[in-house]
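Student: heads up, no residue letters with this:
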DNA sequence: GCCACCTCCTAA
DNA sequence: TAAGTTAGGAGGTGGC
Ligand SMILES: Nc1ccn([C@H]2C[C@H](O)[C@@H](COP(=O)(O)OP(=O)(O)OP(=O)(O)O)O2)c(=O)n1
């Protein structure tokens, strides 16, 4: 290893002062106090980093500060062990008989990984917890029959597991008094059998036997059973039974656990503290009060660079990994404690970072493995690490046969495991991913988190950083990376700076978006481990809560089969959307909205699995204790038996209420957005409780609950409309007969026909209270806001100025229209936004019309940036599986033929532009990759953009406001299709010079021999030449300005710009100007020839 | 040119 | 338990 000498001076000249966005005030300090500027030439780093450097040099040893704070000696006889657990797994092994008495040869052993308040890592081996499930006991089943069933199961299981080294498979069958969660049950409890197995894998086997039918010898008959909770993952089972929720604090009391000394040869993990404990000794602290705190866990952020062969995207079987950047940050601290980059081949030093250089990838990989083990992170973050960085490292090490590389989990000698997986859900879409197991360390891929939490049209790190951090990051094309690697220590240093930046950015996103805090809260509220929140869907969260609540109430959750034979059977009716009285409303329109409608319906009417009363059993309950929902299903009322779904909802809405309170207290706009995201996530979790009951391909569908919920909702919106319209009318002394002009699911838009906002608010509040009184608690109709003016286009599409106070409007709010959609191009988005702003805010219709006409003219004259014309659409399934031809799909297939490694995959968004093609060509034949179109000078089909993307949206917003909106699209501005000259664009510079020689002054075709001006224009030669020169000068100036802007972005003013970001408008503009400049220079050259 | 159907994305 | 729900507008394709 060649450890670099560190130098104080940076790599070169000093760049411009780092540009930070202004305006967010103290926000940055609070949330992103750490702010490493990975600008190549920023030499004025924080002073403490210099000191750190100095100390390192004194010691001459990198990696010196990698370790966690030293762990105190653990004395189980004197001290309890308290830590925040973050991850739980289990393995099957020989029992530890000092904490678990058993005759079994192999048992499951739970491992809880976590961090103490002092920041020491812990792995606790929790022993003695046994897998089990239940079945209902037959009525004539007695305690004596338990052994008989147990023996029978044991024999059957033994036959199926002949190779297993095990003394007993079914450990016990125990009679217990429990009740099912399904349907209202008058009896408090009845007999169930708990079937306890030796290991978790036997649960599914035994379940199968019980379901398909098993002979109960002592009763002398064969019976099939419905099983209960036989489908609960072992880890979740353990957490539920021990009341451990994701990320909470646990405690092992004095004398209840055994500790291994740090250097004990029997230690099985790399954690600082390793203990063994019986699960019965575990104390779990609910995450409230002092236990709401967060331990200083360690976060490793990682990014790698690879050198692809010429023109190819890197392939781990062929191309080397050349750099790995890592930062280590302790949660709660403002700056990383380690910033390290490991490079293949030499690399000049970087101020504020450790640089380690290696001669071989082999050494590089192994040293990085050591870094992980030595820094011992609890959480590994990065951008797209799950699909790129981590798999690449693992595959690369395999290719190079670095056999001891894949061992950076916390369990010694335990190899990383990786397999292909797919996640598919309607809300989150379908994604392929690599499931990687790194024992004891959570992976938190920021890309996955941001894709789930934010709807963006591009999820490149570049686009995401720009969006959330107000900071561009260059997109260095993979071929350039190879060039930099093949240069010298300085070019590799430049690469290392990018690499470091890509490791720093995810950490900054985590900080700024408060990901650790928000995800911990979600894990604690829903009870699942934090890692589930990114790898699993909503179902597991709801299921976890149901299981917990059920356990509290001694209820069991049945494992029911998919009903309706295949799943895609009949659905159920959802919400009512009131017909939209479309138009442009020049008076205030009040919006009334039920708070958390479906959850509140379920709470108010006690809708639950455990309160559902089948029609056949109606007479078991006094009629006054039964409620019939509008869909005809019956439920017992709360005073008779309280359901558990309502209780779960109470907790979720409680958490949401707290989040909303925080939101209300916040002033910083960015912080507000983050807190809004937090309360939104909790709202979706609450709504998913309803969704869970309606998920026919799911764990526990119960359409009686979901369809009752929507049926109540439908009744409520109709009732609300009636009551409001009946009350607020002239006949009752109000100014006018009000009108509900629209409403969707839980809202009504009321036109009170009053002139001022304040009066509309007054009436809105009054109406909301009036309506609320007619409903059962906690159902509440709220006055939310006023729209004034209000443009109602159709169902689910409207725009308006939003007022929450009568003094001034808050903002323009648009729903469903192009401004908030990701499947149209920026041009349309911008034109529609600006037009609406002019119409609604400035009330300047003429200005809006003028603007639209100019835009259309610009479009047709080919004056649009390509970046404005890029459309993106998601690839929602495998490209082959589409039934029809679609532009983005065909392009994805085409791109895969060009270069499979960089082509879009399922779940990705595909950006494309529409290019000119033969008349009558289908849109899917005209779609092209924007970068490809740019590089090959393919002409844009401007007319197509006007006809298919711009005109309809514009007509829709202008039609209600003006007469003859169609004329917008047919004026003189639409005839200026002059200079667009696709032949020029498609031919490129060379063709221009050769083929189409026309007079540079008047465009007349030149006679052979002439190269620049026709006879007539030659008289004005000087003037024309001057014009050409001016043109060139202007282009040069704008090119230079754009270039500088890109240099700023990449953080150095003296280096070449390497960025080719598909997401950056500056990039497209720079390319366009570059092309124009080339053409203009070619023109000048013709003068020279002449 | 009409229309059924697929696809995407959004509102709730 | 692998996977929250339905309603609805709009564009495009392809059969007729
Ligand atoms: N992701 C969503 C959003 C909404 N809904 C259903 C359930 C909601 O109760 C109802 C109304 O949706 P809103 O968006 O108005 O949200 P809420 O009424 O739940 O919350 P808020 O208090 O913000 O109005 O639509 C849903 O099932 N899933």
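Tutor: That came in fine, so what should we check first? What you are looking at is a predicted structure, and each value in this text was computed from that prediction instead of being measured.
Student: Could you report the distance from the closest residue to the ligand within the stretch 51-200 of chain A to residue A:696?
Tutor: Proximity of the stretch 51-200 of chain A to the ligand (Cβ to the nearest ligand atom) peaks at residue A:181, 22.1 Å away. Every residue, glycine included, has its C-beta placed from N, CA and C. Counting by Cβ to Cβ, to the nearest Å, the gap from residue A:181 to residue A:696 is 18 Å.
Student: For those two, indicate the residue with more neighbours.
Tutor: residue A:181 (25 against 19; other Cβ atoms under 10 Å).
Student: Quick check: phi and psi at the spatially closest residue to the residue of the stretch 51-200 of chain A closest to the ligand that is not a sequence neighbour.
Tutor: Nearest residue to residue A:181 in three dimensions, chain neighbours excluded: residue A:555, at 4.3 Å (Cβ to Cβ, 6 or more residues apart in numbering). Main-chain dihedrals, residue A:555, degrees, to the nearest 10: phi -100, psi 150.
Student: for the one 5 residues further on, same thing?
Tutor: When quoted as degrees, to the nearest 10, the phi and psi of residue A:560 stand at phi -100, psi 150.
Student: OK, contacts around the nearest residue to it once chain neighbours are set aside?
Tutor: Once flanking residues are discounted, residue A:560 sits nearest to residue A:700: 6.5 Å by Cβ to Cβ, 6+ apart. Contacts for residue A:700 were tallied using Cβ atoms under 8 Å, 6 or more residues apart in numbering; they are A:543, A:546, A:557-558, A:560, A:609, A:692-693.
Student: which element follows the helix or strand of chain A with the lowest mean pLDDT toward the C-terminus?
Tutor: None of the helices or strands of chain A scores lower by mean pLDDT, DSSP states H and E than helix A:982-994, at a mean of 29. Moving toward the C-terminus from helix A:982-994, the next helix or strand (DSSP states H and E) is helix A:1015-1018.
Student: For the host helix or strand of residue A:764, name the packing helices and strands.
Tutor: Counting by DSSP H and E, the element that carries residue A:764 is helix A:757-773. Applying 3 or more Cβ pairs under 8 Å, 6 or more residues apart in numbering; DSSP states H and E, one finds that helix A:757-773 contacts strand A:589-594, helix A:703-727, strand A:747-751, strand A:781-794.
Student: Nearest to residue A:630, out of the ones you listed?
Tutor: Within these, the stretch nearest residue A:630 is helix A:703-727; the backing value is 3.9 Å (Cβ to Cβ).
Student: Next, the angle strand A:747-751 makes with that closest one.
Tutor: Taking axes from the mean of the first three to the mean of the last three Cα atoms, to 10 degrees, one finds helix A:703-727 and strand A:747-751 inclined to each other by 10 degrees.
Student: Residue of the stretch 101-250 of chain A closest to DNA strand C, please.
Tutor: residue A:231 (1.0 Å; Cβ to the nearest atom of the strand).
Student: give the contact list for the nearest residue to that residue once chain neighbours are set aside.
Tutor: Of all residues not flanking residue A:231 in the chain, residue A:559 sits nearest, at 4.9 Å (Cβ to Cβ, 6+ apart). Residue A:559 is in contact with A:133, A:207, A:226-231, counting by Cβ under 8 Å, 6+ apart.
Student: Can you tell me the number of residues neighbouring the closest residue to residue A:386 other than its chain neighbours?
Tutor: Among residues not flanking residue A:386 along the chain, residue A:445 sits closest, at 4.2 Å (Cβ to Cβ, 6+ apart). By the criterion of other Cβ under 10 Å, residue A:445 has 23 neighbours.
Student: Quick check: pLDDT value at residue A:445.
Tutor: Looking at residue A:445, its pLDDT reads 97.
Student: when you scan stretch A:630-643, is anything in it near DNA strand C?
Tutor: No: judged by Cβ under 7 Å from any atom of the strand, stretch A:630-643 makes no contact with DNA strand C; its nearest approach is 12.3 Å.
Student: Find me the pLDDT at the residue of the stretch 51-200 of chain A closest to the ligand, would you?
Tutor: Reported pLDDT for residue A:181: 97.
Student: Could you count how many residues lie near residue A:282?
Tutor: Neighbour tally, residue A:282, other Cβ under 10 Å: 23.
Student: meant to ask about residue A:677, not that
Tutor: By other Cβ under 10 Å, neighbour count at residue A:677 equals 17.
Student: Kindly report the same for the one 5 residues further on.
Tutor: Residue A:682 sits with 24 neighbouring residues when counted by other Cβ under 10 Å.
Student: Distance of the closest residue to it other than its chain neighbours relative to residue A:540?
Tutor: Closest residue in space to residue A:682, ignoring its immediate chain neighbours: residue A:656 at 4.0 Å, by Cβ to Cβ, 6+ apart. Residue A:656 is 19 Å from residue A:540, where distance means Cβ to Cβ.
Student: just to revisit the earlier point, so which of the contacts of residue A:559 comes closest to the ligand?
Tutor: The closest of the contacts of residue A:559, once distances to the ligand are taken by Cβ to the nearest ligand atom, is residue A:231, at 24.6 Å.
Student: Would you agree residue A:507 is in contact with residue A:379?
Tutor: No: applying Cβ atoms under 8 Å as the test, residue A:507 and residue A:379 come out as separate, 10.6 Å apart.
Student: Distance check, the residue nearest to residue A:560 against residue A:269.
Tutor: Residue A:700 is 37 Å from residue A:269, by Cβ to Cβ.
Student: same check, this time on residue A:816
Tutor: From residue A:816 to residue A:269 the distance is 52 Å (Cβ to Cβ).
Student: More neighbours: which of these two?
Tutor: Between residue A:816 and residue A:269, counted using other Cβ under 10 Å, residue A:269 has the larger neighbour count: 23 against 15.
Student: Quick test: name the residue nearest the centre of chain A.
Tutor: residue A:452 (2.2 Å; Cα atoms, centre = their mean).
Student: Which strand or helix spans that residue?
Tutor: Per DSSP H and E: helix A:446-453 holds residue A:452.
Student: Show me which residues of chain A are close to the ligand?
Tutor: A:593-598, A:683-684, A:687, A:690-691, A:745-746 (Cβ under 6 Å from any ligand atom).
Student: Of those residues, which are in range of DNA strand C?
Tutor: Taking Cβ under 7 Å from any atom of the strand as the test, DNA strand C is in contact with A:598, A:684, A:687, A:690-691 out of the residues of chain A next to the ligand.
Student: Just the buried subset of those residues, please.
Tutor: Neighbour counting by 16 or more other Cβ atoms under 10 Å classes A:598, A:687, A:690-691 among these as buried.
Student: hang on, the earlier thing: same question for the helix holding residue A:764: list its buried residues.
Tutor: A:757, A:759-764, A:767-768, A:771-772.
Student: now stretch A:1029-1040
Tutor: A:1031-1032, A:1035, A:1038-1039.
Student: Take the residues you listed and keep only those in helices.
Tutor: Judged by DSSP state H, those include A:1031-1032, A:1035, A:1038-1039 as members of helices.
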